[in-house]
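> structure of the sequence below:
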Amino acid sequence: MKHALIITTISGFVPQFEMNDVRILQENGYTVHYASDFENPIYNIDQTQLKRDGLILHHIDIRKSPFQITKNTKAFLQLKQIIRKEQISLVHCHNPMGGVVGRLAAKASGREPYVVYTAHGFHFYEGAPKKNWLLYYTAERFLAAFTDRIITINREDYERANRFRLKEHGCVEQIPGVGVNIEKFRKKPELREIKRKELDIPPDGFHIVSVGELVENKNHAVVIEAVARLHDENIYYSICGKGPYRETLEHLIQKHHLEKQVRLLGYRNDVQDVLQSADCFAFPSKREGLGIAAIEALACEVPVIASDNRGSREYMCHTENGIVCQADKVADFMDAICRMRQSGQLRREMGERGRRTAERFSIEATDKIMRRVYQEISVTQERKR
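Down below sits the predicted model:
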């Protein structure tokens, strides 16, 4: 029996985004192990269900910050032991520290497993702070030598990864993100009024929705500032997500007396339904590897107001499926909201074009590539046996 190990820093990452990869591995004859920090999930996670799905779970003391040296060193030792004990032949790492600790452990294990790293957006990119280039770029160039295959989700990262020196016969792939469930995320007119009543949005209210972790990088504050400066009590802004920046956003909402207009909805399992209530979707992130939440909105025919970054450039077409803004310019977001608010026909046309855009990022499109990748790895490993 072949054994594959998936490593993530965030324990809810696999059930949230990578279960199709799990199924493809199982179809290729692998027993799938999953190592993560199960004590600090970002996304909701049902360990019992994961075990029913055939995953073997391993808790490791990994941390997101590279400066948590003691914890990450312990995670390295734990992973090295798992790889040896479980006779792992394929290691697939996700998230930056998962990629660092996982690849080092694979190298140190002495088993020489096939190593894949999916970069969901390198922390070094055009316009990134110098410290990011100094730390993350240097680390990635070094770790590429321990990597058989790097998978990227945007063109900028793909081109940069191709300049790294990987293991012999190593290569770089690009996938259209983790893939959107086009059937699940689609326009459902019958739900619009129901969901707006549930969220207390008036029939004539203009509703903006965002989905994302409450952290500084997601930049929800710029949309809150835009709503505040527009002085229009019939504009509503709902943010789905949780995270350490919640208190900061609450203070900003209170500062502008927007408690009746701006709502922090917390983590939602019904995002596909919340999107039915939206007139537009705001995606103001300062940095994104891709931005699956925006593509899900496009799939629901909701036009998007997005900041310009390497991720959004993969799918945003200014004035075609939405409006592109500079992440730090409140005035850009104010203008975009006004343009969307003034024309229902504009929103409908953008929404229709957005649906066609989203179809390029379907689960099926990603699965086709990942199925080929895992099959190639499986054949390679069979030849070595």
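
> distance between the ends of stretch 317-337?
Separation of the first and last residues of stretch 317-337 by C-alpha to C-alpha, to the nearest Å is 17 Å.

> show me where the stretch 51-200 of the chain has its strands.
Using DSSP state E, counting those that start in this stretch, the strands found in the stretch 51-200 of the chain span residues 56-59, 90-94, 114-119, 149-152, 171-174.

> among those strands, which is nearest residue 381?
Between residue 381 and the strands of the stretch 51-200 of the chain, the shortest separation by C-beta to C-beta is 6.3 Å, and it involves strand 114-119. (C-beta placed from N, C-alpha, C; glycine too.)

> contacts for that closest one, please.
Residues from elsewhere that reach strand 114-119 (C-beta atoms under 8 Å, 6 or more residues apart in numbering): 89-94, 99, 102-103, 106, 140, 143, 146-153, 157, 161, 167, 289, 373, 377, 380-381.

> centre of the chain to it, how far?
Using C-alpha atoms, centre = their mean, to the nearest Å, the distance from the centre of strand 114-119 to the centre of the chain it belongs to is 16 Å.

> export it as PDB, just CAs?
Once non-C-alpha atoms are left out, strand 114-119 reads as follows in PDB (Å, rounded to 0.1, in the frame of the first residue of the first chain):
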ATOM      1  CA  TYR A 114       8.300  12.500  -3.800                       C
ATOM      2  CA  VAL A 115       7.700  16.100  -2.600                       C
ATOM      3  CA  VAL A 116       5.000  18.500  -3.900                       C
ATOM      4  CA  TYR A 117       4.500  22.000  -2.600                       C
ATOM      5  CA  THR A 118       1.400  24.000  -3.600                       C
ATOM      6  CA  ALA A 119       2.100  27.700  -3.200                       C
END
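
> now do it, average pLDDT.
pLDDT averaged over strand 114-119 equals 97, rounded to a whole number.

> relative to strand 90-94, how tilted is it?
Interaxial angle, strand 114-119 versus strand 90-94 (axes from the mean of the first three to the mean of the last three C-alpha atoms, to 10 degrees): 10 degrees.

> please renumber so the chain begins at 24
Sure, I'll start numbering at 24, so the last one becomes strand 137-142.

> what comes up buried for strand 137-142?
137-142 (16 or more other C-beta atoms under 10 Å).

> what of stretch 274-288?
Those would be 275-276, 281, 284-288, for stretch 274-288 by 16+ other C-beta under 10 Å.

> mind checking the pLDDT average for that stretch?
Averaging the model's pLDDT scores along stretch 274-288 yields 98.

> show residues contacting that stretch.
222, 237, 244, 247-248, 250-251, 256, 258-264, 269, 272-273, 297.

> of those, keep whichever come out buried.
222, 237, 244, 247-248, 250-251, 258-264, 269, 272, 297.

> what average pLDDT does stretch 304-318 get?
The average of the pLDDT scores along stretch 304-318 is 97.

> how far away from the center of its chain is that stretch?
Relative to the chain's own centre, stretch 304-318 is displaced by 9 Å; criterion: C-alpha atoms, centre = their mean.

> what residues sit buried inside that stretch?
Neighbour-count burial for stretch 304-318, counted by 16+ other C-beta under 10 Å, picks out 304-308, 310-318.

> also stretch 348-359?
In terms of neighbour count (16+ other C-beta under 10 Å), stretch 348-359 has its buried residues at 348, 350, 353, 355-357, 359.

> what does stretch 163-170 give?
Going by neighbour count (16+ other C-beta under 10 Å), the buried part of stretch 163-170 is 163, 166-167, 169-170.

> just stretch 129-139 next, same as before
129-130, 132, 136-139.

> cool, and stretch 387-406?
The neighbour-count check on stretch 387-406 (16+ other C-beta under 10 Å) flags 388-390, 393-394, 396-397, 400-401, 404 as buried.

> contacting residues for residue 398?
Residue 398 makes contacts with residue 51, as judged by C-beta under 8 Å, 6+ apart.

> and residue 84, by the same measure?
By C-beta under 8 Å, 6+ apart, the contact set of residue 84 is 60, 94-95, 97-98, 101.

> quick check, nearest of these to residue 79?
Taking C-beta to C-beta as the measure, residue 79 lies nearest residue 101 of the contacts of residue 84, at 14.2 Å.

> how near is that closest one to residue 84?
In this structure, residue 101 lies at 7 Å from residue 84, with C-beta to C-beta, to the nearest Å as the measure.

> again with residue 27
Here residue 27 is placed at a distance of 22 Å from residue 84 (C-beta to C-beta).

> got it, and residue 251?
Residue 251 is 42 Å from residue 84, where distance means C-beta to C-beta.

> again, but for residue 348
Between residue 348 and residue 84 the distance, using C-beta to C-beta, works out to 40 Å.

> quick check: phi and psi on the nearest residue to residue 332 once chain neighbours are set aside?
Across the structure, with C-beta to C-beta, 6 or more residues apart in numbering as the measure, the residue nearest residue 332 apart from its sequence neighbours is residue 311 (5.2 Å). Dihedral angles phi and psi of residue 311 (degrees, to the nearest 10) take the values phi -140, psi 140.
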